[in-house]
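K.L.:
Okay, predicted coordinates and the sequence, questions at the end:
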Amino acid sequence: MKFGTKAIHAGVHPDPTTGAIMTPIYQTSTYVQASPGNHKGYEYSRTHNPTRTALQEALAALENGKHGLCFATGMAAIDTLIKTLKPGDEVISTNDLYGGSYRIFTKIFQQYGLKFHFVPMSDITTIEGYINENTRLIWIETPTNPLLNIIDIKGAAAIAKKHNILLAVDNTFATPYLQTPLDLGADIVMHSLTKYMGGHSDTVMGALIVNDDDLAQRLAFIQNASGATPGPQDCFLLLRGLKTLHIRMQRHCENGRAVAQFLREHPKVEKVFWPGFDNHPNHEIAKSQMRDFGGMISFVLKGDKMEDAIKVLEKFKYFSLAESLGGVESLCGHPASMTHASIPREERLKGGLSDSLIRLSVGIEDYEDLLADLEQAIG
């Protein structure tokens, strides 16, 4: 089954009662049992819900995985994964990652005895220098947020397997339409489903997808015990969004390419971060593990002044200044004061995230209008 067909049909079956082609919203907290323990697979909706089950099966299919688990938010998914670790364990993560991930690692789990290393991973051989007997997990984003660095998933997986540790990949920016990390050797795929997977800026949710049965069982136990599960209405909206994922992502990629080329040629733009450029440091790796380069782009104006960046952000008409990404509408953001404000400035600068960096989530509007908006905003 090809990707577009899976996006529409995976995990979804006509309702056996009515024949409804869309999975019903099972808005119920509990389920009647014929006798104690004799039920139809559902006891309580924190543990299982038929709408959520359909979504989890669809996500697993799209990522070529065996088990999918959904959570109330992307951060709840990360929280669940890190809870499989114990005090004294160590995690190696990239130094360019979403601010919320950095925050939960350093402000929440570090105080419980976990240790985190934030290292540049454009050259994955740097990972080896941080591995010791306490290392349990490698956590990567690729493309990274917001500098669009590319990390070699297959290479990182080889290192992880050599040392018998797990590799988790945040696949939010790429989605399974562009890359499938489990096929490249990763053990865990994480999504903020809020973004491209839902695609309509109307739902907040997260997911983990794995192949290993034991790991899936451990994650499901924490999912149920901690209770950060999504409601059936949100699961319904995500299922609806997935059906157009392949069409939306194709347009995001087309528009992203046009915007990236426009910015690279603009006389007031100093640098554009986009993995589709031949001169991107890991362009060849991106070509080998991605099917296209996505709709996320970051750039810096000449002079690299924060006040100039703010003026541009305030002048946009079609690029709305807002948190998040991956919706059908184009968004712009200022990572230093928005999505990555929780990372100390010195750490941001060390990783290359300047105060003037502008991040774009290129939507699926007519690209000519987006280019005109960029032209009038940058001037």
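P.N.:
The structure has been received and is ready for your questions. These figures come from a predicted structure and were not determined experimentally.
K.L.:
Please report phi then psi for Gly333.
P.N.:
The phi/psi pair for Gly333 (degrees, to the nearest 10) reads phi -150, psi 160.
K.L.:
domains for this structure, by residue range?
P.N.:
As recorded under automatic domain parsing, the domains making up the chain are 3-242, 245-378.
K.L.:
would you turn the ones you listed into TSV with mean neighbour count?
P.N.:
Yep, even glycine has a C-beta here, placed from its N, CA and C like the rest. As requested, the domains of the chain are exported to TSV (neighbours: other CB atoms under 10 Å):
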stretch	mean neighbour count
domain 3-242	19
domain 245-378	18
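K.L.:
My guess is Thr135 contacts Ile92. True?
P.N.:
Yes. The pair Thr135 and Ile92 passes the contact test of CB atoms under 8 Å, sitting 6.4 Å apart.
K.L.:
could you dump the domains of the chain to JSON lines with mean pLDDT?
P.N.:
Formatted as JSON lines, the domains of the chain follow (pLDDT from 0 to 100):
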{"stretch": "domain 3-242", "mean pLDDT": "96"}
{"stretch": "domain 245-378", "mean pLDDT": "94"}
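K.L.:
which residues in the stretch 251-379 of the chain form strands?
P.N.:
Ranges of strands in the stretch 251-379 of the chain, per DSSP state E, counting those that start in this stretch, are 269-273, 296-301, 320-321, 331-333, 358-361.
K.L.:
how far off strand 296-301 does the first one point, in degrees?
P.N.:
It stands for strand 269-273. Computed with axes from the mean of the first three to the mean of the last three CA atoms, to 10 degrees, the direction of strand 269-273 lies at 160 degrees from that of strand 296-301.
K.L.:
Show me what strand 269-273 is packed up against.
P.N.:
helix 245-265, strand 296-301 (3 or more CB pairs under 8 Å, 6 or more residues apart in numbering; DSSP states H and E).
K.L.:
Contacts for the first one next, please.
P.N.:
Pointing back at helix 245-265 there. Here helix 245-265 makes contact (CB atoms under 8 Å, 6 or more residues apart in numbering) with 3-4, 7, 62, 175, 177-178, 196-197, 199, 269, 272, 274, 276-277, 292-297, 299, 328, 360, 362-365, 367, 370-371, 374-375.
K.L.:
go on, the last one?
P.N.:
The list of residues contacting strand 296-301 from outside it, by CB under 8 Å, 6+ apart, reads 143, 145-148, 173, 256, 259-260, 263, 268-274, 308-309, 312, 325, 335, 354, 356-362, 378.
K.L.:
List the pairing partners of that strand within its sheet, with orientation.
P.N.:
Using DSSP bridges, strand 296-301 pairs in its sheet with strand 269-273 (antiparallel), strand 358-361 (antiparallel).
K.L.:
ok so, going back, could you dump the helices and strands packed on strand 269-273 to CSV with distance to Val189?
P.N.:
Conversion of those to CSV gives the following (distance: least, CB to CB, whole Å):
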stretch, distance to Val189
helix 245-265, 15
strand 296-301, 18
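K.L.:
So for Thr203, which of these sits nearest?
P.N.:
Within the helices and strands packed on strand 269-273, the stretch nearest Thr203 is helix 245-265; the backing value is 13.5 Å (CB to CB).
K.L.:
Next, the angle from the closest one to strand 296-301.
P.N.:
Going by the same axes, to 10 degrees, helix 245-265 makes 10 degrees with strand 296-301.
K.L.:
From here on, call the first residue 2.
P.N.:
All right, first residue 2 from here; so that's helix 246-266.
K.L.:
For helix 246-266, what is the distance to the chain centroid?
P.N.:
Between the centre of helix 246-266 and the centre of its host chain there is 18 Å, according to CA atoms, centre = their mean, to the nearest Å.
K.L.:
hmm, back to that, take the strands of the stretch 252-380 of the chain and write them to JSON lines, including distance to Thr74.
P.N.:
JSON lines is the format used below for these (distance: least, CB to CB, whole Å):
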{"stretch": "strand 270-274", "distance to Thr74": "26"}
{"stretch": "strand 297-302", "distance to Thr74": "20"}
{"stretch": "strand 321-322", "distance to Thr74": "21"}
{"stretch": "strand 332-334", "distance to Thr74": "18"}
{"stretch": "strand 359-362", "distance to Thr74": "18"}
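K.L.:
of all the ones you listed, which lies closest to His192?
P.N.:
So among the strands of the stretch 252-380 of the chain, strand 297-302 is nearest, using CB to CB, at 14.6 Å.
K.L.:
For the closest one, output the C-alpha coordinates as PDB.
P.N.:
The C-alpha trace of strand 297-302 is given here as PDB (Å, rounded to 0.1, in the frame of the first residue of the first chain):
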ATOM      1  CA  MET A 297      10.300  24.900   7.400                       C
ATOM      2  CA  ILE A 298      12.800  27.700   6.700                       C
ATOM      3  CA  SER A 299      14.800  30.000   8.900                       C
ATOM      4  CA  PHE A 300      16.800  33.100   7.900                       C
ATOM      5  CA  VAL A 301      18.800  36.000   9.200                       C
ATOM      6  CA  LEU A 302      18.900  39.500   7.700                       C
END
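K.L.:
which residues touch the nearest residue to Phe317 once chain neighbours are set aside?
P.N.:
Once flanking residues are discounted, Phe317 sits nearest to Ala378: 4.9 Å by CB to CB, 6 or more residues apart in numbering. Ala378 makes contacts with 313-314, 316-318, 320, as judged by CB under 8 Å, 6+ apart.
K.L.:
All the helices of the stretch 2-151 of the chain, residue numbers only.
P.N.:
4-10, 51-63, 75-83, 100-104 (DSSP state H, counting those that start in this stretch).
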